[in-house]
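Engineer: Dropping a prediction and its sequence here:
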Amino acid sequence: MRVKVRVTGIIQGVGFRPFIYRIALKNGLKGYVRNMGDAGVEILLEGEEHAINNFLKDLRDEKPPLARIHEIITTRLEGEHQYTDFKIIRSSEEAEFSGSVIPPDVAICDKCLKELRDRINPRHDYFFITCTDCGPRFTIIERLPYDRENTTMRDFPMCSFCQSEFTDPLNRRFHAQTVACPKCGPRVYLTTRSGEMLSCRDPIQEAGKMISEGFIVAIKGYGGFHVAVSTLKDEPLMRLRRAKHRRQKPFAIMARSLEATKSFAEVSSKEAELLVSPMRPIVLLRKSGDYYLSELVAPGLHNVGVMLPYTGLHYMLFDGVDDPAFVMTSANPPNQPIVKDDDEALKTLGGIVDYFLFHNRRIAHRCDDSVMRVHGEKQVFIRRSRGYAPAPVVLQEKASKCILALGGELNNTACVLNGNKAFISQHIGDVENVETREFLREAAGHLAHLTNSKIEVVACDLHPKFTTTKLAQELATKNGWELVQVQHHFAHIAALMAEHGVDEIVGVCCDGYGYGIDGGAWGGEIIFASRNSSEMKRVAHLEEQPMVGGDMATRYPLRMAAGILQKRLDVENWLMRNKRFFPHGESEVRLILQQLEKRRGVIETTSCGRVLDAAAAVLGLCYERTYEGEPAIKLESAAINGEDVLQLKPIIKGDVLETTDMLLEIFERLEKCALADLAFSAHAYLARGLAELAVEKALESGVKFVGFSGGVAVNELFTKLMRETVEAAGLRFLVHEAVPPGDGGLSFGQAVYAGLFHF
Ligand SMILES: [Zn+2]
Ligand SMILES: [Zn+2]
Ligand SMILES: [Zn+2]
């Protein structure tokens with residue numbers, strides 16, 4: 001019998017052809033296997049029917065650990081047998097199917113780590129040791145199919161030793177495209193901040209020692225540069241904060257091992273599982289009671305973002321020092337993508353760092369680290385990037401058209417929806433300037449190319465002025481694509497529905513800001529969605545509160561607090577007492593009071609984030625927002641060990657949860673209650689109030705699911721309190737597990753809204 005088998009999925013760059021070769025031989029079959037230009041694989045088999053059936057069974061049951069099979073398409077062929085053996089043959093550029101993709105970058109595997117440490121191994125201490133089971137993929141590929149000459153590894157011709165492993169069917173590196181050794185592979189070197197080479201025996205160990213001693217070192221990795229600094233010394237941390245203009249924003253750290261992590265943070269079994277996984281994300285961990293790292297790593301927070309080494313280079317950094325961890329923060333100029341090219345690094349980081357640790361392999365695609373946290377037993381994405389992108393989120397149904405969604409404005413990603421697979425790009429960032437917009441355009445194009453997707457529809461936000469809206473309009477006109485604009489919070493809730501495959505939901509969506517259907521500033525919405533009756537609509541929301549000075553109220557949360565409290569009190573004395581927290585002091589306070597009185601320069605918002613900000617300001621936790629979400633994040637940290645002392649009953653008037661009296665109560669108990677308890681009570685009021693309102697709407701319409709989405713859903717306490725109320729009412733509570741609840745998941749929501757739902 002002769003058959004042709006086409007396989008789609010994540011099957012290039014995962015040791016799939018060597019695997020096929022082995023099972024073909026095992027079953028006594030002849031023919032060939034080759035990579036295709038659509039990221040899939042083609043197999044031709046000749047042999048007995050039962051042998052082919054056994055082969056197909058092995059194909060499903062014994063596939064390599066990193067492979068994901070989407071489809072196996074088998075066609076019977078006529079004609080005589082032509083092959084005398086089984087071979088891996090030259091790849092074809094032919095692209096027939098879509099929906100396959102190359103894998104994300106994978107952390108160094110245990111076997112490679114063992115060889116890295118083995119003194120007699122030829123790759124002992126070789127910083128870029130990899131095999132078919134590990135190493136970079138997404139960040140080095142320029143074109144399909146995934147062959148060495150289509151990656152940035154083509155600059156490094158294999159030596160005879162690597163070649164012998166590459167061609168040996170019994171070797172772990174048989175057809176491993178990233179195979180390299182100290183003789184033929186990328187090299188690593190240290191330079192001064194201006195790029196002058198420093199000669200030393202072991203540049204990596206030397207860099208580790210420099211960091212430990214208090215120098216700032218930029219380190220080139222798989223998907224971009226990190227800036228590394230000691231976690232134990234205040235001076236270099238302070239210097240780095242000043243240079244990066246990051247006064248408060250927490251830095252992620254890389255710990256030398258899981259054991260070392262446990263010396264300063266609490267690690268649950270679920271958190272440990274994520275930390276050591278091949279994806280190696282940054283995981284937010286609760287600081288332990290005897291936390292001893294510098295307070296400047298994650299100021300004012302109860303948790304710290306930790307990742308474990310994911311390349312040989314990272315492991316070797318710790319070899320000459322005793323430090324438990326180093327700060328490893330993405331090197332990116334403010335509001336710009338992570339730095340990936342050497343020249344760019346020297347130019348933009350030269351004024352910040354003391355030394356550079358370079359390697360000489362080009363980075364084809366930048367990719368930031370992923371960030372997660374764990375709520376109870378459930379993982380929550382804060383950023384889904386390295387280790388996950390471009391692997392798809394697989395849905396329960398297929399979209400009728402191929403969609404490209406461009407997301408929103410902050411913390412952005414792009415998404416390509418093709419059939420039942422949603423391919424979400426790496427983290428793009430805040431798309432406000434030219435560099436990031438170009439990065440978005442390039443990442444979206446690359447994603448469509450990698451998945452062989454023929455885009456028909458482009459989706460974006462409803463906001464008329466977003467950069468992404470304009471880009472979508474431009475792409476639609478240029479390519480003749482259909483344009484679909486999706487309301488921000490509708491997109492968040494659509495994402496939740498698609499992730500869980502539910503047709504009806506009452507969704508609570510809480511975040512900072514989204515352009516409403518009525519043009520208003522939304523952000524604390526309850527949304528009813530039903531695919532049965534084809535409708536999606538806002539059914540309830542938080543009380544509208546004034547933002548004095550518009551965006552200024554986002555930056556200075558005391559303005560938010562003033563606007564809310566002024567509804568019940570004369571806030572003049574209180575503001576005057578706090579005038580030092582306003583950049584222009586007394587005159588600014590006067591102006592705020594005037595604006596409030598005359599309702600000039602005041603925008604109304606239903607944002608949940610702004611109410612949390614106001615509570616943080618009243619409690620003195622944050623007067624100026626220096627990074628996105630700072631006041632609300634600090635409010636959660638403050639509430640962690642608190643109790644619900646106030647026990648406030650939600651005030652619901654019609655379809656509105658009031659927030660003014662909640663803030664007033666907190667303000668009035670400031671002297672009498674503990675800060676932690678008041679912070680907790682603010683969470684309890686909002687989370688329970690919104691949950692009660694959502695439950696009421698769900699019961700009214702006979703819906704069984706209440707969901708929670710939007711940036712506030714990364715808040716563990718808020719989510720837990722909401723879950724308790726919803727589950728006590730006998731309803732199912734749904735949250736995101738596969739995509740970020742924040743705006744990193746927005747493109748996915750827009751794509752499924754435009755491709756699956758017809759509201
Ligand atoms: Zn390996
Ligand atoms: Zn070699
Ligand atoms: Zn949002």
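Structural biologist: Received, thanks. Ligands and ions are numbered 1, 2, ... in the order given.

Engineer: Just the element for the residue of the stretch 401-550 of the chain found nearest ligand 3, please.
Structural biologist: Among all residues of the stretch 401-550 of the chain, Asp511 sits closest to ligand 3, at 3.7 Å; criterion: Cβ to the ion. Yep, even glycine has a C-beta here, placed from its N, CA and C like the rest. Under DSSP states H and E, the secondary-structure element containing Asp511 is strand 504-515.

Engineer: tell me what the very next helix or strand once past that strand is packed against?
Structural biologist: Next in sequence after strand 504-515, counting helices and strands by DSSP H and E, comes strand 521-530. Contacts defined by 3 or more Cβ pairs under 8 Å, 6 or more residues apart in numbering; DSSP states H and E place strand 521-530 against helix 488-500, strand 504-515, strand 535-542, strand 602-605, helix 608-618, helix 675-701.

Engineer: State the mean pLDDT of strand 521-530.
Structural biologist: Over the span of strand 521-530, the pLDDT mean works out to 98.

Engineer: Show the contacting residues for Cys112.
Structural biologist: 123, 129-131, 133-134, 312 (Cβ atoms under 8 Å, 6 or more residues apart in numbering).

Engineer: Restrict the strand holding Asp511 to CA atoms and write it as CSV.
Structural biologist: Backbone C-alpha positions of strand 504-515 (Å, rounded to 0.1, in the frame of the first residue of the first chain) are rendered in CSV as follows:
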residue,chain,number,x,y,z
GLU,A,504,-24.5,32.8,27.4
ILE,A,505,-22.9,34.8,30.1
VAL,A,506,-23.3,37.7,32.5
GLY,A,507,-19.8,39.1,32.5
VAL,A,508,-18.3,41.6,34.9
CYS,A,509,-15.6,43.6,33.2
CYS,A,510,-13.3,45.8,35.3
ASP,A,511,-10.4,47.8,34.1
GLY,A,512,-9.0,51.2,33.8
TYR,A,513,-10.5,52.6,30.6
GLY,A,514,-12.4,51.5,27.5
TYR,A,515,-14.3,53.6,25.0
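
Engineer: Just checking: what are the partner strands of that strand?
Structural biologist: Each strand pairing with strand 504-515, determined using DSSP bridges, is listed with its direction: strand 521-530 (antiparallel), strand 705-709 (parallel).

Engineer: Deepest-packed of the ones you listed, please.
Structural biologist: Ranked by mean neighbour count under mean count of other Cβ atoms under 10 Å, those are led by strand 705-709, which reaches a mean of 27.

Engineer: what angle sits between that strand and helix 488-500?
Structural biologist: With axes from the mean of the first three to the mean of the last three Cα atoms, to 10 degrees defining the directions, strand 705-709 sits at 120 degrees from helix 488-500.

Engineer: what about strand 705-709, distance to the chain center?
Structural biologist: On the basis of Cα atoms, centre = their mean, to the nearest Å, strand 705-709 sits 21 Å off its chain's mean C-alpha point.

Engineer: if we can go back for a sec, was I right to think the residue of the stretch 401-550 of the chain closest to ligand 3 contacts Leu542?
Structural biologist: No - in terms of Cβ atoms under 8 Å, Asp511 does not count as a neighbour of Leu542; the distance is 11.5 Å.

Engineer: what about those two, which has more around it?
Structural biologist: Counted by other Cβ atoms under 10 Å, Asp511 and Leu542 do not tie: Asp511 has more neighbours, with 28 against 25.
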